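Trainee: Got a predicted structure here, sequence first:
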Amino acid sequence: KCCAASLQRAAWKRSRGPGGAKLATSVWDSSSLTPCYHGNDQQVPMRCFSANVASDTPKLMPTSSSVGAGLPPLPTNSQPLGFPMPNDEHACSVSLPTWSSVVGYEEGVPAVTNAMLCGYPRFVYHPYVLQLMSMVVSKYGIDNRPEDCLVLPSEEAAVRCQVFLQQAWEGQRGTAVSVEASGTLPDNSLVKSSDSVVLPHSRIRRVEVVPGLVYAVLFPAETEAGMAAKAYWQHTGEVVSSRRAYFTLKQLGVKLEKTVTEEEHVCHEAQLEEDEKTCAGGNNNESLVQSQLRERIAQWASVKSADSVFLTPSGMSAIYLALRSARRRHFERYGDAARGGTSVVYGFPYLDTLKLCSRPEFSPAGVEFFGKGDAQDMANLEKLLDSKPNAVSVLFTELPSNPLLNCPDLHKLRELANKHDFVLAVDDTISNFLNVDLIESGLADVVCTSLTKLVSGRGDAIAGSCVTNPNTPTGQWMQLDLQKQECHDVSINGLFCPDAAAVLRNSVDFPERNDRINETSEVIADWLDSHPDVERVYYPKQSDSVSLYQNVQKQKSGYGGLMSIVLHPHVCQRTFYDALDVAKGPSLGTNFTLVCPYTLLAHYHELDFAMSYNVPPNLLRIAIGLESVEELKQKFDDAFVSSRLYPKLDQKQAS
């Protein structure tokens, strides 16, 4: 047996032709059990793709402003299968242009998976990361003991991963490590880089690859161990980015063996070299780039000091950071017996937030899930809190939720957080800092954001942030806690400086892009809401919870750029998706419109679970970009015309 990384590396090695020449293949996720949010955005020779594409010549649009000068243009129509979007070594989306390609990906059909050149960094290991992991195994592996590894961005993350694997993998095997000795392992929220977690008989070990840059955890090359390691990477978001892997390989004097952008190698090496000079010393103290990004976020989030802003390697790592801090707070206030408190997830969230809180290694006291986030759920939450005083350490919710765009009653949740002493953590990725007020209003104790999405916009950098609220006592405690407990981990190794530099460059026109996307999205949502081929539009303005959104909405702002739709039965959703001439694939918040059948991508192997929370299996999620209203209307209308099975019948005719 071999683990997921080994399987992916095997495919990577097979992509080399005679003499090491690169062939057109993919970097693929060996596990079909979890959806793969791919990402990369590059144009490669057309010979790399199958014939069933929307267009023989993909159209691309210029970047939104001078910010993108010199960078590859962004896709403006449907791209070939496997085409990274945008055309960049570090892209964060990939083209799945047909309904069958989405299903084929989920089913692991080789014709689909082999066409994918890259993937979203939390779900698919980038070629640079694969090469780095292979080098680590070759250098640090033990003879006659097949091993694999996971690379991590900090020593603290490596210790946390080591503890996790000892619990999740060796524990599941019923070994003496976790059954008898796991009590000696530090709690995941309390791990420090100085902790020694080498237990008797454990086969999990960690090494320092490049001090202050990359660390690794080695484990037996077995499928179950590899899947457990991949789960850590995916759920916690503590990933080694492609840029971090690139600089690590360069520092070690290792030549790249495979790139994402074919012979062109659109890696912007000149820009990377400039970033390297700018970030010099960033491993020993915070770089000017990271400081500037924190100050910019502080301004957007309406906090007086950048001391409230903490940068992370991804949006999910921001969620994980908030979870660890909230659990430390609970330990401090209520002792070890409470095990860091119960986690609550309120409303139907992005899948990994619930998966993170559901794992006993991360939340030993368990999780309570209120997936509809409606009045009944609020009543049930109150009953839980009243029946178990001070049992809850943190409540996670999204504003609005993904993909149904519902809004929780944050004022009521704030009231409950004050009464029952738990952290209220809000993910504002879809609404964003500029549209809603979660800080000055004192509603959230901490705001978690995926900077990968609309803040960056280009989709060529993975990053996240936590903003602690100086206006709530709990937010103040969390700021001091993060500065004390994780200052080294977060400020230095949290978000790699060149990734911060990419987000800083991309986000300079974020306010202008946000205004334009707000305006276009509202017009498109209103138009689709009245369209005869659309059964339902999910969008904050069209939601029953619109007043809850408006209660926290900033003046002269909008409803964000994300919406979902379900088509009427007389329209074939499969044909509609195939015919829609926009970029199609996972992720959101890009400067180009991006559509995907979200429920299939995120919950393909648990559709019954999604349906039980009113998430339709045929739902299409639409992330509006910078295209004009007229262009988008025309493309959607063309798809509607080609996908109608028969004329729409009114209710009298249908009966």
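Mentor: Happy to help now that I have it.

Trainee: my read: Pro389 touches His420, true?
Mentor: Yes - between Pro389 and His420 a contact is recorded at 7.2 Å, counting by CB atoms under 8 Å. C-beta here means a position set from N, CA and C on the backbone, and glycine is covered the same way.

Trainee: With neighbour numbers in mind, choose between the two.
Mentor: His420 (18 against 11; other CB atoms under 10 Å).

Trainee: Name the nearest residue to the more buried one, sequence neighbours excluded.
Mentor: Distance criterion CB to CB, 6 or more residues apart in numbering; nearest residue to His420, sequence neighbours excluded, is Leu385 at 4.6 Å.

Trainee: Would you confirm that Ala639 contacts Ala579?
Mentor: Yes - with contact defined as CB under 8 Å, Ala639 counts as touching Ala579 (4.3 Å).

Trainee: ok, Ser564 - contacts?
Mentor: 403-405, 537-539, 598, 619-622 (CB atoms under 8 Å, 6 or more residues apart in numbering).

Trainee: of all the residues you listed, which comes closest to Pro110?
Mentor: Tyr598 (24.3 Å; CB to CB).

Trainee: Please name the residues that touch that closest one.
Mentor: By CB under 8 Å, 6+ apart, the neighbours of Tyr598 are 402-403, 564, 619-621.

Trainee: And it, how close does it get to Ala579?
Mentor: When distance is defined by CB to CB, to the nearest Å, Tyr598 is 18 Å away from Ala579.

Trainee: Give me the below-cutoff pLDDT ranges for the stretch 401-550 of the chain.
Mentor: Scanning the stretch 401-550 of the chain for pLDDT under 70 picks out 486-493.

Trainee: tell me the secondary structure for Phe310?
Mentor: strand (DSSP: H, G, I helix; E, B strand; the rest coil).

Trainee: ok, it - how many residues close by?
Mentor: Around Phe310 there are 30 residues (other CB under 10 Å).

Trainee: give me the beta-bridge partners of Ala583?
Mentor: Beta bridges link Ala583 to Leu594, judged by DSSP bridges.

Trainee: wait, it sits on Phe83?
Mentor: No - judged on CB under 8 Å, Ala583 makes no contact with Phe83 at a distance of 9.0 Å.

Trainee: wouldn't His90 be in contact with Ala463 here?
Mentor: No - contact criterion CB under 8 Å: His90 and Ala463 do not qualify, at 11.1 Å.

Trainee: quick one, helices of the stretch 351-500 of the chain?
Mentor: 351-358, 375-387, 410-420, 473-485, 487, 497-506 (DSSP state H, counting those that start in this stretch).

Trainee: Reformat the ones you listed as JSON lines; add distance to Thr223.
Mentor: Listed next are the helices of the stretch 351-500 of the chain as JSON lines, based on distance: least, CB to CB, whole Å:
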{"stretch": "helix 351-358", "distance to Thr223": "19"}
{"stretch": "helix 375-387", "distance to Thr223": "38"}
{"stretch": "helix 410-420", "distance to Thr223": "41"}
{"stretch": "helix 473-485", "distance to Thr223": "35"}
{"stretch": "helix 487", "distance to Thr223": "38"}
{"stretch": "helix 497-506", "distance to Thr223": "31"}
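
Trainee: Among these, which comes closest to Thr236?
Mentor: Of the helices of the stretch 351-500 of the chain, the one closest to Thr236 (CB to CB) turns out to be helix 351-358, at 6.8 Å.

Trainee: Just the C-alpha atoms of that closest one, please, in PDB.
Mentor: Only the C-alpha atoms of helix 351-358 are listed here, as PDB (Å, rounded to 0.1, in the frame of the first residue of the first chain):
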ATOM      1  CA  LEU A 351     -17.800  21.800   4.300                       C
ATOM      2  CA  ASP A 352     -14.400  21.900   6.000                       C
ATOM      3  CA  THR A 353     -15.500  24.100   8.800                       C
ATOM      4  CA  LEU A 354     -17.900  21.400  10.000                       C
ATOM      5  CA  LYS A 355     -15.300  18.600   9.300                       C
ATOM      6  CA  LEU A 356     -12.700  20.500  11.300                       C
ATOM      7  CA  CYS A 357     -14.900  20.900  14.300                       C
ATOM      8  CA  SER A 358     -16.200  17.300  14.000                       C
END
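
Trainee: Which strands and helices lie in contact with that helix?
Mentor: helix 223-236, helix 315-334, strand 342-346, strand 367-370, strand 392-398 (3 or more CB pairs under 8 Å, 6 or more residues apart in numbering; DSSP states H and E).

Trainee: thinking again about what came up before, got any residues that touch both of Ala583 and Phe83?
Mentor: By CB under 8 Å, 6+ apart, the residues touching both Ala583 and Phe83 are 75, 95.

Trainee: my guess is the residue nearest to His420 meets Ala417, correct?
Mentor: No - using CB under 8 Å, Leu385 is not in contact with Ala417; the gap is 9.6 Å.

Trainee: Kindly reformat the contacts of Tyr598 as JSON lines containing distance to Phe331.
Mentor: Listed next are the contacts of Tyr598 as JSON lines, based on distance: CB to CB, whole Å:
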{"residue": "Asn402", "distance to Phe331": "30"}
{"residue": "Pro403", "distance to Phe331": "35"}
{"residue": "Ser564", "distance to Phe331": "39"}
{"residue": "Leu619", "distance to Phe331": "40"}
{"residue": "Leu620", "distance to Phe331": "43"}
{"residue": "Arg621", "distance to Phe331": "38"}
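
Trainee: List just the nearest of the residues you listed to Asp608.
Mentor: Using CB to CB, the contacts of Tyr598 come closest to Asp608 at Leu619, 14.8 Å.

Trainee: shouldn't the closest one be in contact with Phe348?
Mentor: No - between Leu619 and Phe348 there is no contact under CB under 8 Å: 11.6 Å.

Trainee: Just say helix, strand or coil for Glu274.
Mentor: Here Glu274 is recorded as helix under three-state DSSP.

Trainee: tell me the pLDDT at it?
Mentor: As predicted, Glu274 sits at a pLDDT of 72.

Trainee: and if you look at Ala337?
Mentor: 88.

Trainee: Next, work out how far apart it and Leu96 are.
Mentor: 48 Å.

Trainee: cool, and Glu276?
Mentor: 34 Å.
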